[in-house]
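[1] okay, sequence plus prediction incoming.
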Amino acid sequence: MRLPALLWEWPFALFAHVFVALAIWISTFFGGPPEPLFKPDDVMVISMSGPPKSDSRMVQKAERAPDAVRGAANPTVEPPPPNTSDMAYKTPDAQVNKGQANADMQKILDDMKRQQLLKDLSAPLGTTDRAASDPNGSGDGSTASSGLNDPETAKWIKKMQEKVAPNWHPLISTCQANPKLTVFVLVPMSPDGSISGDLAIETSSGNSSLDQSALRAVQQTTNLPPPPAKFTQGVNGRVKFACAEVI
Amino acid sequence: MRPSRSLLLLSLGLVAVGVALSRAPAHAEDTPVTIQIDIGKPGQRAIPIGLPYPKGGAPQGQDFWGVVKRDLELTGYFTVLDPNVSLEPADAGVEPGQFEFTSWTPSGAAVLAKTVTATSGSNLDTQVWIYDVNGGSKLGAKSFSAPSTSTRALAHRVANAILFAVTGKQGFFDTRFAFSGKFGENKEIFVCDADGYGRRSITKNGSINLSPRWSPAGSSIVYTGYAAGNPDLYVADLAKGQIRRVASKAGINTGGAFGPGGSILALTQTVGSDSEIFSIDAATGREIARLTSSPGIDVSPSFSPDGSQIAFVSERSGGPQIYVMNSNGTGAHRVSFQGSNNTSPSWSPKGDRIAFVGRDGHFDIFTVKPDGSNVTRVTQGTGDNEDPSFSPDGEYVAFSSTRSGASHIWIASSPDGAFQAQITSGGGGYSNPNWSPHLSW
C-alpha cells in the first residue's frame, strides 16, 4: 500500500537536512583548518631592499651564509677573464638602462628572490621563523613569492618599508647578542594611509628595548603611503622587525 | 510529487548555504586585509643620539662637547640631536634615577650619552654615561682624566666609549693620519688626529716628501724624501724625534711599506731601466731579497696583515694592474682586471679586501677581495680620489679627494663607500694619507 507522498517525503526531507548538516559539521573536525579569511596571496613577505648599509651599513659578516646572499645583491662587478685590460669599469648605474618603471619592478622582484634565498639558507640554521612569516598557517613557506601576483601591493609594501625602516634604530649590540630577535607591530591603517587605531605589539621579541624601538619606528613615521585602492576597508599592517639583518 | 522533490532540493540547498555561511567569518566583507611588511634592515639614517651639554661646569665643556659630537658623526653611526630638544629640567642629573627617559623619547633619541667635565687641579676629569632610551637602561659608563690641555684627546676617548657601548665596535679616535701636505712649493710629512685636528710636522726640510707609511706599532713612519736630491727612503722615529735614511741606492727608493713585524721594509728600487720590489732590513737598510723580476714597473708594495703576501702594481701584462705575490716573491698573480690603469694597493688589516685606485675618467677608489673577485666601487663622480689606506679595523678607507676643490683627506665605509666624510679642513693640498694603528699617545 502506497503512503501519500506528504506522509513520507517530509520526514525524509527532515532526516536529510539533519544528516547533511551533521556531515558538514563533522567534516570540519577532519578536513583541516577552515579556509583562511584571506588567501595566501593576501599575506606577503618581502624583504627590505636597497643598498646597505649602512646599514648594517658598515657592518660586514660575509662569513655567514645569509649575508653571503645579501652580498650577492650588492652592486658589484665580477672580474671577466684576463686580457681585457682595456675594458671600462662597469658601474651600478650602467646596469639600469631599461626605464625607471622596469627597474623598480625588477628591484622588487630581486628583493623577493633575495628574501626567499635568505629564508631558505637560514631556515636550517634556525634563524628564520617560518610560522611568523606565514601567520595564517596556510603556508609551506612559499608565500614569499605571492606578492609577485600583485605588483600594486608589492609596490605599496616596498614604500612602507622605505618609510618605516629609516626610523628603526635598534641597538646593534642587542641584535648582535641575539640575531633571532623579532617583533611584530600591528598598524591599523585607513584607506588614506592614516593610522586608524592603536598601534600594538602583536608578538614581543622578549626584549623591551627592541620592542620599543619597533613601536617608535612606526610612531615616528609620518605620511605613511595609502594602501592600494582595492583595499576599501584599509589594511592591518603587520610590520615585522627582525634583528637578523641588523648586524 | 514534482513540487515535493523541488521542495526537498531547495531545502537541502538552504541547509548547505546556511552551514557554509556559518563557517565563513561574518565580517569578511568589512574587515581590513592584513598585510605583512618586513623591515629587515634598520635605518639608513644614523642612530639619533641625545648628547646634552656636559655637566660639571668646566670651562672646556663646550669645546669638549663639540669634539665628541663631530667624532660621533664621523663614524656614520650617529646623528647628534640638538641638546635643546630635550624636555628634561636643567637640574636633571647624569646617573640612573637622576633623570627621566621620557624627557628624551619625543625627540626620537634612541641612545643618550650624558657627560660630566670637571676641573681637578691641573686636570680635567670626565665621565660619560650611555643609555638605551628605548629600553630605559644603562649601556655603560666610563671616566677619564688628563691634563686640562688635553681636552680633545679626552673627548676622543669619550666618543670611542660611546661607539663601543652602542655598536660593540672599537672607534678610530685613538688613531692618526700621516700625510703629505703642500707647504709653499714643497711637500712635507705631517700627522693629524683622526678628526683632522692636531696637525704637527714630521719633516721640515724644504723639500719634497711623499708616501708616509706607519710602522705596525705606530712608533715610526717611513717615507720617500728628496732632501738629498734623490728619491730616498727615510724612517722617522716619532718618540725620539730622529730621522734616518734607510735606502739610498742610485735611482729611486720609493713606496716603502713595513711588514707586520716592523723589522722588514718592502720598497721599490731601480734595476737598469726597470723598477723592481725589494725587501730590506728596516733598521740597517741591508737588502734581504729582490722580490720581482719582470719588464716594466713593479711598485707600491703593501703587505697582507699576516705578512705572507704582498699586493703590488705591475705592468707585466701591459698597463699597470694590481697583483698579489707571496712575500718571498713567488706565486705572483693578477687580481684586477677591469680598467687599464689600477694602482696604489692597500691591504685591509682584516685581510679580506685590497683597496686600490682605478682610472675611470677620474681616479676612483675600489676594493677587491685578494682572490680578485667582488670588485666594489667606493667613490664615483666626485673628483679624483687616490691613495687609499684602511682603518685599523678595516671598516673604513681613508683617501685623498679633490671633490671639494683642493685635495683633502676623506674617509669612506668599506667595502662600498655607503658613508663618506671629509676629515681635514682649511686650504687643502693634502695627499697620501696613511691610517695609523691604534695609538696610546
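    All right, it came through fine.
[2] out of the helices and strands in the chain, which is least certain?
    All of this refers to chain A. The weakest-scoring helix or strand in chain A, judged by mean pLDDT, DSSP states H and E, is helix A:65-72 (a mean of 28).
[3] hmm, I had chain B in mind actually
    When each helix and strand of chain B is scored by mean pLDDT, DSSP H and E, helix B:2-23 comes last, with a mean of 56.
[4] now the element after that helix, going C-ward?
    Using DSSP states H and E, the helix or strand that follows helix B:2-23 in sequence is strand B:33-39.
[5] for the next helix or strand after that following strand, which helices and strands make contact with it?
    Once the chain leaves strand B:33-39, the next helix or strand it forms, by DSSP H and E, is strand B:47-50. Counting contacts by 3 or more CB pairs under 8 Å, 6 or more residues apart in numbering or on different chains; DSSP states H and E, strand B:47-50 is packed against strand B:78-80, strand B:111-120, helix B:151-167. Where C-beta positions appear, they are placed from N, C-alpha and C, glycine not excepted.
[6] for chain A, find the nearest of the ones you listed.
    helix B:151-167 (4.6 Å; CB to the nearest CB).
[7] any part of the closest one near chain A?
    Yes - interface with chain A: helix B:151-167 contributes B:165-167 (CB under 8 Å from any CB of the partner chain).
[8] next SSE downstream of that helix?
    Following helix B:151-167 in sequence, per DSSP H and E, is strand B:176-183.
[9] burial check on the closest residue to A:Lys230 other than its chain neighbours, number of neighbours?
    Beyond its immediate neighbours in the sequence, the residue positioned closest to A:Lys230 (CB to CB, 6 or more residues apart in numbering or on different chains) is A:Glu152, lying 7.6 Å away. Around A:Glu152 there are 12 other residues, counting by other CB atoms under 10 Å in any protein chain shown.
[10] now for the helix or strand hosting B:Val222, which elements pack on it?
    Counting by DSSP H and E, the element that carries B:Val222 is strand B:220-225. In terms of contacts (3+ CB pairs under 8 Å, 6+ apart), strand B:220-225 is packed against strand B:176-183, strand B:186-193, strand B:209-214, strand B:232-237, strand B:253-258.
[11] related to what we said a few turns ago, could I get the helices and strands packed on strand B:47-50 as CSV with mean pLDDT?
    Formatted as CSV, these follow (pLDDT from 0 to 100):
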stretch, mean pLDDT
strand B:78-80, 95
strand B:111-120, 96
helix B:151-167, 95
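[12] deepest of the ones you listed, which one?
    Between the helices and strands packed on strand B:47-50, helix B:151-167 has the highest mean count of neighbours, a mean of 23, where neighbours are mean count of other CB atoms under 10 Å in any protein chain shown.
[13] and that helix with strand B:111-120, angle?
    150 degrees (axes from the mean of the first three to the mean of the last three CA atoms, to 10 degrees).
[14] and the residue nearest to A:Lys230, that one's in a strand?
    No - A:Glu152 is assigned helix when assessed by DSSP: H, G, I helix; E, B strand; the rest coil, not a strand.
[15] quick one: pLDDT of it?
    We note a pLDDT of 91 for A:Glu152 in this prediction.
[16] quick check: neighbours of the host helix or strand of B:Lys138 in the sheet, parallel or antiparallel?
    For B:Lys138, the host element (DSSP H and E) is strand B:137-147. Using DSSP bridges, strand B:137-147 pairs in its sheet with strand B:123-132 (antiparallel).
[17] hey, C-alpha coordinates of stretch B:219-231 in CSV?
    The C-alpha coordinates for stretch B:219-231 follow below in CSV (Å, rounded to 0.1, in the frame of the first residue of the first chain):
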residue,chain,number,x,y,z
SER,B,219,106.2,54.4,16.7
SER,B,220,107.7,55.4,13.4
ILE,B,221,106.9,56.5,9.8
VAL,B,222,108.7,55.5,6.6
TYR,B,223,108.5,58.0,3.7
THR,B,224,110.2,59.0,0.5
GLY,B,225,112.2,62.2,0.6
TYR,B,226,114.1,64.2,-1.9
ALA,B,227,116.2,66.1,0.7
ALA,B,228,119.4,64.7,-0.7
GLY,B,229,118.5,65.3,-4.3
ASN,B,230,117.4,61.7,-4.9
PRO,B,231,114.2,59.9,-4.0
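[18] pLDDT averaged over that stretch - what is it?
    On average, stretch B:219-231 scores 97.
[19] run through who's touching it.
    Residues outside stretch B:219-231 that contact it (CB atoms under 8 Å, 6 or more residues apart in numbering or on different chains) are B:178, B:180, B:189, B:191, B:202-203, B:205, B:207-215, B:232-239, B:245-246, B:248, B:250, B:252-258, B:265, B:282, B:434.
[20] low pLDDT regions in chain A?
    A:1-13, A:16-17, A:20-21, A:23-149, A:245, A:247 (pLDDT under 70).
[21] and the closest residue to chain B within chain A, helix, strand or coil?
    For chain A, the residue closest to chain B is A:Ser209, as judged by CB to the nearest CB, at 2.7 Å. Of the three states, A:Ser209 takes helix under three-state DSSP.
[22] that one touches A:Thr174, doesn't it?
    Yes - taking contacts as CB atoms under 8 Å, A:Ser209 lies within contact range of A:Thr174: 6.0 Å.
[23] common neighbours of these two, please.
    Counting by CB under 8 Å, 6+ apart, the common neighbours of A:Ser209 and A:Thr174 are B:132, B:135.
[24] looking at those two, which is more packed in?
    Neighbour count, other CB under 10 Å: between A:Ser209 and A:Thr174, A:Thr174 has more, with 24 against 20.
[25] mind telling me what element the more buried one is part of?
    Per DSSP H and E: helix A:172-177 holds A:Thr174.
[26] most centrally placed residue in chain B?
    Centroid check for chain B by CA atoms, centre = their mean gives B:Tyr396 as the closest residue, at 2.2 Å.
[27] that one pairs with what?
    With DSSP bridges applied, B:Tyr396 shows beta-bridge pairing to B:Ser413.
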